[in-house]
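*Asks:* dropping the sequence and predicted coords here.
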Amino acid sequence: CFFGGLGLSGLSLCFCGASMASPAASAMPFRTHLRMPNMAQHVCEVLSKHGGLWGPQVEQTLGDLAIRLKPHHVLRVILSQSDPELSVHFFRWALQALDSGGKVRMGTEVVNSLAWEGKKLHIVQALIKEMTFLGVFPHRVAYMNVIKVLCKARRADDALNVLSCMERGAYLLEPVMYNMVLSSFCKVGRTDRAYKVLKGMSGKGCDPNQISFNTMLDGFLKEGRFDEAFGLFQGMVNKGCLPTLVTYNTMIRGLFREHKGKEAIGMFQEMNDKGCTPNVVTYTTVMNGLFQNDKVDEAAKLFLEMVDKGCAPNVVTYNTMINGYFQQKKKDQALALYADMIDKGCTPDAITYGSLIKGFFLLGKVSQAIGFFRKMTDQGCVPNVVTFTTIMHGLFQHSRVDDALHLFCEMSDKDCVPNVVTYSIMINGFFQQGKVDLAIDTFQKMLDKECTPNVVTYSTILNGLFRHGRMEEAVKLFHEMSDKGCTPSVATYNTMIKGFFQHKKVDWAFFLFLEMTDQGYSPNVITYNTIINGLFQHGKVDEGMDVFFEMIDNGCSPNVVTYNIIINNFLQQGKVDDVISLSKVMKKKACAPNAVTYNTMVSGLFQHGRVNEAMHLFLEMIGKGFSPHVTTYNIMINSFLQQSKVDNTLDHFGEMQERGYTSNFMTNSIMKMYKSYCLHSKSFIKRVPSESSIKPLVKRGTFS
């Protein structure tokens with residue numbers, strides 16, 4: 001073929017060239033001896049001479065050429081046109097000279113070719129619409145290809161229109177066609193539209209199959225719509241469509257993602273009860289969920305069960321277990337699994353080494369983290385941008401700035417391009433180390449390298465500038481964000497509001513809070529906590545409580561941090577009864593107190609002489625597994641000393657020692673006991689810490 005060596009992308013060059021026909025032939029509208037390869041070029045020249053407008057003169061000039069055109073000629077002409085209307089006119093004219101079978105063949109080949117090329121999708125739709133109007137229906141394969149391409153291009157509505165054309169052609173619609181549409185809608189977050197299509201399938205004579213339901217379940221769960229997902233799951237079963245392995249995997253993964261671990265485990269047990277054998281994906285998903293819920297022993301037990309049942313762990317399984325163990329600071333178990341995977345012939349990948357590196361940094365073992373990075377490269381496993389970013393993050397966290405910079409240079413030497421996360425971590429690291437100018441220079445280098453900052457990058461810089469007293473620069477950057485195409489997020493506003501409070505710009509902070517809501521942003525619990533805490537710190541207690549009640553009215557549930565802020569403020573004002581009442585509200589609202597809540601309340605109650613209530617709460621705190629803070633002990637011991645309750649004092653001093661508090665932390669308590677040395681009986685003297693334990697503190701000048 002004359003065009004074969006050029007490909008479709010090179011056709012426009014041919015169309016613009018001079019005609020290859022002889023001068024005599026060129027003078028005539030059309031001659032039968034015109035060579036076939038030049039037909040498409042001839043049509044393009046005719047259309048160009050008539051200004052790209054279709055009409056009787058164009059048809060007269062083209063003469064009886066229509067009957068000689070082949071599908072590839074028609075395709076080339078359409079590809080050369082930018083006007084969909086002109087393409088449709090030409091296509092209709094090309095079809096008119098053909099019999100019904102010829103029309104179908106022509107339409108099928110042209111539409112199919114355009115779909116495979118992925119070009120001129122708007123023209124493809126116009127051609128299908130025109131053929132439907134003319135009663136010409138291409139082969140179903142052509143329709144399928146068009147639907148597939150449209151769905152891939154996130155044009156599911158257009159794909160539905162193609163299905164409607166198929167329906168008019170009396171084609172049997174199949175689930176595979178609808179499944180592509182469902183998937184496309186769900187991928188762009190149009191789950192409700194997808195669900196409407198799913199419900200309408202049966203009415204079109206096409207019952208949803210397991211893939212249809214699985215696609216819809218995944219869509220609901222990714223949006224956190226558990227109730228609808230569970231309802232659909234039950235509806236699937238009721239319709240006699242049995243859940244598959246993919247169904248269960250989708251449900252389990254989605255439930256864990258929504259922090260519904262109990263329901264996820266229940267689904268895992270159900271699939272076993274129903275005779276659906278879990279695969280490596282199922283086991284890995286469940287183990288990952290168990291680690292996220294701090295159920296380390298259960299995850300380890302499931303790993304052994306998986307192996308016993310003949311389901312071989314893959315690299316993802318090992319990565320999940322290694323990462324999970326490190327998150328729980330169980331280094332030995334993680335390293336044992338790393339050795340096991342090598343023994344079993346499962347080659348560690350970049351994610352494996354990334355988990356090991358991140359884990360050792362988490363444990364503060366920098367040299368071991370770097371050692372595994374070097375081992376990774378020695379084993380021929382090429383570090384990717386995630387690996388480099390992980391190790392740089394760890395180095396910054398441990399104040400190894402020079403090493404982080406060296407690694408950044410090494411990253412460039414290995415042709416690994418830093419991404420927005422890499423730059424954001426470097427900027428944050430420089431700010432944390434007080435190297436503000438280096439942080440700003442890195443941001444500028446990021447822009448020079450055409451790496452577009454995201455909202456996290458901007459929020460990081462804003463936070464750093466505020467923290468280092470450069471408020472004016474932060475305000476300027478905040479206003480520049482939108483101009484550079486980066487829309488501020490709720491987190492960005494939270495950073496700005498907190499920064500204004502830090503710089504005592506209370507009115508600015510509150511104004512930005514109002515502007516945020518006016519711009520259509522919904523403040524989250526962090527926003528409200530920042531506002532309430534900021535107002536309290538600047539003596540605006542009534543305004544802070546007004547924001548608290550507004551928070552509730554707007555449907556934003558206070559969390560434990562919110563209550564801690566208010567409890568601390570009430571105690572500072574001496575509103576002890578209000579604190580007791582608020583703690584009861586917390587329990588009623590199923591907002592469990594945390595260690596901060598207990599320590600704050602126990603300390604406050606002791607300071608206000610409510611010893612019995614304080615001790616009751618102290619014992620409750622211990623029973624819940626929370627550790628008293630050293631400040632809590634100091635306040636408690638001081639309270640007992642003031643009441644001359646020596647035994648209580650020494651009992652709690654012993655508790656402090658048993659809990660591993662070092663002498664630095666125990667200074668205040670020992671000082672108080674030491675000052676009471678001469679005020680109590682010999683029985684007290686016998687129970688006071690030995691001189692050897694006090695002397696080191698005296699030598700350091702801890703007390704005179």
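*Replies:* Nice, I can see it.
*Asks:* what about Val141, which helix or strand?
*Replies:* Assigned by DSSP states H and E, Val141 belongs to helix 140-152.
*Asks:* how about residues contacting that helix?
*Replies:* Here helix 140-152 makes contact (CB atoms under 8 Å, 6 or more residues apart in numbering) with 107-108, 111-112, 115-116, 118, 121, 124-125, 128, 156, 158-159, 162-163, 165-166, 171, 176-177, 180-181, 183-184. Every residue, glycine included, has its C-beta placed from N, CA and C.
*Asks:* quick one: low-confidence parts of the stretch 601-704 of the chain?
*Replies:* 633, 636-704 (pLDDT under 70).
*Asks:* buried only: go through the contacts of helix 140-152 for me.
*Replies:* Buried members of those, scored by 16 or more other CB atoms under 10 Å, are 107-108, 111-112, 115, 121, 124-125, 128, 156, 158-159, 162-163, 165-166, 177, 180-181, 183-184.
*Asks:* give me the number of residues near the closest residue to Ala614 other than its chain neighbours?
*Replies:* Spatially, and ignoring its direct neighbours in sequence, Ala614 is nearest to Leu605 (3.6 Å; CB to CB, 6 or more residues apart in numbering). Neighbour count of Leu605, defined by other CB atoms under 10 Å: 25.
*Asks:* C-terminal to the helix or strand harbouring Leu605, which secondary structure element comes first?
*Replies:* Per DSSP H and E: Leu605 is located in helix 595-607. Counting by DSSP H and E, the next helix or strand C-terminal to helix 595-607 is helix 611-623.
*Asks:* let me know the angle separating that next one from helix 595-607.
*Replies:* Orientation check (axes from the mean of the first three to the mean of the last three CA atoms, to 10 degrees): helix 611-623 against helix 595-607 gives 160 degrees.
*Asks:* tell me the buried residues in helix 611-623?
*Replies:* Buried residues in helix 611-623, counted by 16+ other CB under 10 Å: 611, 613-615, 617-618, 621.
*Asks:* which helices and strands does it pack with?
*Replies:* helix 595-607, helix 630-642 (3 or more CB pairs under 8 Å, 6 or more residues apart in numbering; DSSP states H and E).
*Asks:* returning to that earlier point: what is the helix holding Leu605 packed up against?
*Replies:* helix 560-572, helix 576-588, helix 611-623, helix 630-642.
*Asks:* can these go into JSON lines with extra columns for distance to Phe510?
*Replies:* Output for the helices and strands packed on helix 595-607, formatted as JSON lines (distance: least, CB to CB, whole Å):
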{"stretch": "helix 560-572", "distance to Phe510": "16"}
{"stretch": "helix 576-588", "distance to Phe510": "24"}
{"stretch": "helix 611-623", "distance to Phe510": "34"}
{"stretch": "helix 630-642", "distance to Phe510": "32"}
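*Asks:* thinking again about what came up before, these two touch, right, the residue nearest to Ala614 and Val576?
*Replies:* Yes - between Leu605 and Val576 there is a contact under CB atoms under 8 Å: 6.8 Å.
*Asks:* where does pLDDT dip in the stretch 51-200 of the chain?
*Replies:* The stretch 51-200 of the chain contains residues with pLDDT under 70 at 67, 118-119.
*Asks:* how distant is stretch 238-249 from the center of its chain?
*Replies:* Here the centre of stretch 238-249 is set off from its chain's centre by 27 Å, with CA atoms, centre = their mean, to the nearest Å.
*Asks:* pull the contacting residues for Lys375.
*Replies:* Tyr353.
*Asks:* spell out the secondary structure type for it.
*Replies:* helix (DSSP: H, G, I helix; E, B strand; the rest coil).
*Asks:* quick one, what contacts Asn428?
*Replies:* Applying CB under 8 Å, 6+ apart to Asn428 gives the contacts 396, 439, 460, 464.
*Asks:* can you count the residues close to Met530?
*Replies:* If you look again at residue 530, you'll see it is Thr, not Met. Thr530: 26 neighbours (other CB under 10 Å).
*Asks:* give me the angle between the helix or strand containing it and helix 560-572.
*Replies:* According to DSSP H and E, Thr530 maps onto helix 525-537. Here the directions of helix 525-537 and helix 560-572 differ by 10 degrees (the same axes, to 10 degrees).
*Asks:* go through helix 525-537 and flag the buried ones.
*Replies:* 526-536.
*Asks:* nearest to Glu472, of those?
*Replies:* Proximity of those to Glu472 (CB to CB) peaks at Gly534, which lies at 19.6 Å.
*Asks:* isn't that closest one right up against Met496?
*Replies:* No - at 11.8 Å, Gly534 does not count as touching Met496 under the criterion of CB under 8 Å.
*Asks:* quickly list what's touching both of these two.
*Replies:* Joint contacts of Gly534 and Met496 (CB under 8 Å, 6+ apart) are Ala509.
*Asks:* what is the neighbour count of Glu305?
*Replies:* By other CB under 10 Å, neighbour count at Glu305 equals 12.
*Asks:* and what of the one 3 residues further on?
*Replies:* For Asp308, the neighbour count with other CB under 10 Å is 8.
*Asks:* how far away is it from Asn279?
*Replies:* 15 Å (CB to CB, to the nearest Å).
*Asks:* got a list of what the residue nearest to Leu242 when sequence neighbours are not counted touches?
*Replies:* Nearest residue to Leu242, sequence neighbours excluded (CB to CB, 6+ apart): Gln210, at 7.4 Å. Gln210 makes contacts with 236, 241-244, 246-247, as judged by CB under 8 Å, 6+ apart.
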